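Visitor: Model the following, please.
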Amino acid sequence: MNKIVINSVYNNVVKYIVSLKSIVINNMDIFIPSLVGGIYTVIRSKAYVSTEEMGEHYCLLGPYKEHCARTEVEEGEFSPMSPLNIAVRKIRDKGFKVHTGTWLVDGNPQIILFDIGSATWKLDDFKSELWETSHIGIPSGDLETNDAIVLGYMVADFIGEFHKAANNMRSGMDEPPHIVAHFHEWQAGVGLIGLRTRHTDVATVFTTHATLLGRYLCAGNTDFYNNLAKFKVDEEAGRRQIYHRYCLERAATHLAHVFTTVSEITGFEAEHLLKRRPDIITPNGLNVKKFSALHEFQNLHALSKDKIHEFVRGHFYGHYDFDLDKTLYFFIAGRYEFGNKGADVFIEALARLNHYLKSSHSEMTVVAFLIFPAKTNNFNVESLRGHAVTKSLRDTLNDIQQKIGKRMYEICLSGRLPEPDEFLRKEDTVKIKRCIYALQRDGLPPVTTHNVVDDLNDPVLNAIRRCQLFNTVNDRVKIVFHPEFLSSTNPLFGLDYEEFVRGCHLGVFPSYYEPWGYTPAECTVMGIPSITTNLSGFGCFMTEHVADPMSYGIYVVDRRFISLESSVRQLAQYMYDFCRLNRRQRIIQRNRTERLSDLLDWRNLGIYYRQARMKALHIVYPELAPADESGVGRFNYPRPISEPPSPTSSRATTPAPSIHGSDDEDEVDEEKELEELGVASVDGSSR
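Guide: From the prediction side, this is the model:
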C-alpha cells in the first residue's frame, strides 16, 4: 500500500510550509528556510522524526526565497523515474520555476521550492477559479494574499501531477496510491481549497496554529475568551479588512477531511470563530537531545550564568552593590506583542515582587530581562561605557596579577618571603585607582540597552515608568529591556538565545493569547523552570498530562477564570516563592523540570500527527483500516514521591538533610539527589 502525505505550511514570515508524506511515504513540507516563528519551529524540529519514519518518502515544499535557500538548501535533482521528479518536470513544462534539493536541518529531508514570481502571470486565472468554485474574492492590493493564491494553486497543480504520476507507476497493481495533504495555517489553505474544488483524489488535513481573527481580536485589547461565543465573526473580520483572508481560513477548515489545532485552548477558539471543532489536537514538540551525563545541563547552566554575570557587572557599574551569588535572573522573550505575551502583567507583578522583597528585607536580588525586538537607533552609550570600564578594570587587574606573581617568584627564589609592600607597587595602585574612579556614575543604570525609537510611546518603557522600576539602589528588582533578539555576536551579551536561557533561573511567560508557547517548552527541555498560563497551549498541555506541574517547576497562572488583579497577585506570589528557595532547592527543581523533556519530544508527540493522517486516509479510502488510537492517550507524570510537591520556602530544609556547604551549585551530586528524592518516572518507576 502506497500512502503519500503532503503537509503545507505558511507562516507570517516563513510564508508556507507544505509537507507531503506517504506511508510508504513521500512527505513534502513547503517552507522558507532560516526564518523564525512558531510554525517554522514546528516543521523544522519535526523534520528529523518525520524523515526517520518515512525516509526518502518525506519531502518538503515551499516558496523559493533566494537569500534563505542559499544557506539552508543544497540543490539537487530527484531520481529520474520517481513520481516527484515526473511531477516537477510537468510543473516546469507549464512555465513555473521549481527548485529541488535537501533541507540542511536534522534529517536532511527532500525539498521542493516554487518560485512564486514565475507564476504571477497566472494570478488572474487562479483568482477566477477561486471565485467560480468558492465565491471568495481577493482584493488586488493585498500582496500577501496574492502570493498565497499563487503558491496555493502551484501546490495544487503539483499534487495533481504527482497523483497522476504515482497512479501511472502503480498501474496493474491492486491498490492505487493513497495521498494525504496536510496544510498549516490559512495561507497554505489555498492549496487545500484548490485540491478539493478540483476533486483531486487526496485526503486532506488542515491545522491552524492560531486563528487569524483571534490574533486580530486579541491585538485589539478585547475581552477575548469571555466573549468568544458572542462575536459576530463576519462583522469583526470585515471591520478589520481581513474578511477575504478569514473566508480562506474558514473554507480550508470546512473542506479538510480532518481539522486539527495545536492545543485545547486553540480548539475552543476555532470552534467559535471558524465554526468547526477540531477532530484531533496535535501538540507541538521539539527534537530533544538528551545528555549522556545527567548533570551536564546543570554545568551548562553554571557556564552560561557566568556570562550573564559579566553583562550585569558592566550594565550596573557604579551601582553594583548586590551579591551575584544571591541574584536570580528572570526573563520574558518573544514577539513584541505587549498584551498578548503578558509583558504588561509581568512588569506589574515585578513591581509587587520588588515590594515583597523590600518588605521582607530579603538579601535576594532579581534581574528581570525583557527580550522583545523593537525599533532602535543604536546601543545605549551608558551600556557600552559600562562594559568598557569593567573590561578596563579586569584587564588592569589581570596585568597586575601577573606582575605580582612574577615578583613573588623571584623573591622566593632568593630564599625569603616577600614583604607586604612588595606585592603592590605605587604605579599599580595608581592604575587601580584610575579604574575605580572611572566606575563612578552620576545617574542610575539604564533600564534599556538600546536607544528605543519613540520611547515616549513604547509600551514596555511606559509600563516601567508607571511602576517606577528605575534600578535604584533600594530596588531589589532590576530591569533590563533588551529590544533586540540575542545572538553570539551581540557586543553586550555575546550569547545566543539558547545559552542565555540556560543561564537564567526562571522564564516568565504570562501570555494572554498563546496558542502553544515554544518559549516555556524550550525552557523545560533545558531544565529551566518557567511560569505559563492556562490560556497557553503549553500550560493546558502540562496541566492535562502532569499530575502536579508546580512540583516539576512549571507554574501555571490562572488568566482565564479569575480577575486580572488576582492573576497579577498570583504571578507575583509565584516569583516571590521562587526567590525564597535556596540554591540546593533550585537545583533539585531544575532536575525535575529537565525530566519533563521526554514529554515534549517529537518521538512521543508525533503519534498525534500520524493519527490525523490515518484518520483522513480512512475517510477518503474507507477500505483502509481506521486509525489505531490505542497508543494515543494521556501521558502520566505523577507527583514526585518527595514532599513537599515543589521545594517550597515554607520548608526549612530540603527533603534530605543538607550537609554544611552543600548549597554550592557545582558541588551538588544530582544523581545522588535523585536517589534521595526517589522521584518517579513516567511509568511510576523510581529513577
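
Visitor: so what's the closest residue to residue 567 other than its chain neighbours up against?
Guide: In this structure, residue 567 finds its nearest non-sequential neighbour in residue 559, 4.9 Å apart by CB to CB, 6 or more residues apart in numbering. (Glycine included, C-beta is placed from N, CA and C.) For residue 559, the contact set (CB atoms under 8 Å, 6 or more residues apart in numbering) comprises 342, 345, 510, 511, 512, 533, 534, 535, 567.

Visitor: what residue is smack in the middle of the protein?
Guide: Central residue of the chain (CA atoms, centre = their mean): residue 518, 3.0 Å from the mean position.

Visitor: So that one is in contact with residue 284, correct?
Guide: Yes: judged on CB atoms under 8 Å, residue 518 makes contact with residue 284 at a distance of 6.8 Å.

Visitor: Show me whatever sits in contact with both of those two.
Guide: Taking CB under 8 Å, 6+ apart as the contact rule, residue 518 and residue 284 both touch 38, 41.

Visitor: what element comes up after the helix or strand hosting residue 427 heading to the C-terminus?
Guide: Element membership of residue 427 [criterion: DSSP states H and E] is helix 426-438. Downstream of helix 426-438, the next assigned helix or strand under DSSP H and E is strand 450-452.

Visitor: Which elements pack onto that following strand?
Guide: strand 376-379 (3 or more CB pairs under 8 Å, 6 or more residues apart in numbering; DSSP states H and E).

Visitor: Return the set of buried residues in whatever helix or strand comes next after the strand it packs on.
Guide: As assigned by DSSP H and E, the chain's next helix or strand after strand 376-379 is helix 381-413. Applying a neighbour-count criterion of 16 or more other CB atoms under 10 Å, one finds 382, 383, 386, 387, 389, 390, 393, 400, 404 buried in helix 381-413.

Visitor: same deal with stretch 347-357?
Guide: 347, 348, 349, 350, 351, 352, 353, 354, 356, 357.

Visitor: looking at it, the last one is touching residue 575, isn't it?
Guide: No: between residue 357 and residue 575 no contact is recorded; they are 9.6 Å apart, counting by CB under 8 Å.

Visitor: any residues in contact with both of the two?
Guide: Joint contacts of residue 357 and residue 575 (CB under 8 Å, 6+ apart) are residue 366.

Visitor: returning to what we had before: can you pull the phi and psi angles for the residue nearest to residue 567?
Guide: phi -110, psi 10 (degrees, to the nearest 10).

Visitor: how far away is it from residue 397?
Guide: Look at residue 559 and residue 397: by CB to CB, to the nearest Å, they are 48 Å apart.

Visitor: Need the contact partners of stretch 493-501.
Guide: With CB under 8 Å, 6+ apart as the criterion, stretch 493-501 contacts 304, 307-308, 311, 331, 333, 369, 371, 482, 485-488, 503, 507, 522-523, 526, 528.

Visitor: May I see the ChimeraX selection of the buried members of these?
Guide: Buried members of the contacts of stretch 493-501, defined by 16+ other CB under 10 Å, are picked up in ChimeraX with:
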select :304,308,311,331,333,369,371,482,486,503,507,522,523,526,528
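
Visitor: Now, the contacts of stretch 493-501 that are in helices?
Guide: Within those, residues falling in helices by DSSP state H are 304, 307, 308, 311, 503, 522, 523.

Visitor: how about these, which pair is most distant?
Guide: 311 and 522 (20.4 Å; CB to CB).

Visitor: follow-up on the earlier one: determine the set of other helices and strands touching the helix holding residue 427.
Guide: For helix 426-438, the packing partners by 3+ CB pairs under 8 Å, 6+ apart come out as helix 381-413.

Visitor: starting at the chain centroid, how far to the helix it packs on?
Guide: Here helix 381-413 is found 40 Å from its chain centre; the criterion is CA atoms, centre = their mean, to the nearest Å.

Visitor: Wait, a strand at residue 598?
Guide: No: read with DSSP: H, G, I helix; E, B strand; the rest coil, residue 598 is helix and lies in no strand.

Visitor: my read: it touches residue 285, true?
Guide: No: Residue 598 is beyond contact range of residue 285, at 10.4 Å (criterion: CB under 8 Å).

Visitor: Touching both of the two, which residues are there?
Guide: residue 604.

Visitor: More neighbours: these two, which one.
Guide: residue 285 (24 against 16; other CB atoms under 10 Å).

Visitor: For residue 76, grab the count of nearby residues.
Guide: Neighbours of residue 76 using other CB under 10 Å come to 11.

Visitor: residue ranges with poor pLDDT in the stretch 551-687 of the chain?
Guide: 627-636, 641-687 (pLDDT under 70).

Visitor: show me where it has strands.
Guide: Secondary structure of the stretch 551-687 of the chain (DSSP state E, counting those that start in this stretch): strands at 554-557.

Visitor: The stretch 151-300 of the chain too?
Guide: 178-184, 203-208, 258-261, 280-281.

Visitor: Any chance you could list what contacts the third one?
Guide: Outside of strand 258-261, the residues within contact range by CB under 8 Å, 6+ apart are 203-209, 253, 267, 269-270, 276-282, 515, 608, 612, 615-616, 619.

Visitor: again with the second one
Guide: Strand 203-208 is contacted from outside by 7, 178-186, 189, 192, 195-196, 249, 252-253, 255-262, 266, 270, 274, 282, 612-613, 616-617, 619-621, using CB under 8 Å, 6+ apart.

Visitor: can you check the shortest one too?
Guide: Residues lying outside strand 280-281 but in contact with it, judged by CB under 8 Å, 6+ apart, are 258, 260, 261, 262, 263, 264, 267, 608, 611, 612, 615.

Visitor: Let me see the contact set for the closest residue to residue 217 other than its chain neighbours.
Guide: Closest residue in space to residue 217, ignoring its immediate chain neighbours: residue 224 at 5.5 Å, by CB to CB, 6+ apart. Contact partners of residue 224, counting by CB under 8 Å, 6+ apart, are 214, 217, 218, 512, 513.

Visitor: so which of those residues comes closest to residue 166?
Guide: Of those, the one sitting nearest to residue 166 (CB to CB) turns out to be residue 214, at 37.2 Å.

Visitor: Can you say which helix or strand has residue 501 in it?
Guide: helix 497-503.

Visitor: chain center to that helix, what's the gap?
Guide: 13 Å.

Visitor: And the pLDDT at residue 85?
Guide: If you check residue 85, the pLDDT there is 91.

Visitor: Let's have the strands of the stretch 151-300 of the chain in JSON lines, adding mean neighbour count, mean pLDDT and distance to residue 148.
Guide: Shown next, in JSON lines, are those (neighbours: other CB atoms under 10 Å; pLDDT from 0 to 100; distance: least, CB to CB, whole Å):
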{"stretch": "strand 178-184", "mean neighbour count": "31", "mean pLDDT": "85", "distance to residue 148": "11"}
{"stretch": "strand 203-208", "mean neighbour count": "30", "mean pLDDT": "92", "distance to residue 148": "14"}
{"stretch": "strand 258-261", "mean neighbour count": "27", "mean pLDDT": "96", "distance to residue 148": "19"}
{"stretch": "strand 280-281", "mean neighbour count": "20", "mean pLDDT": "94", "distance to residue 148": "25"}
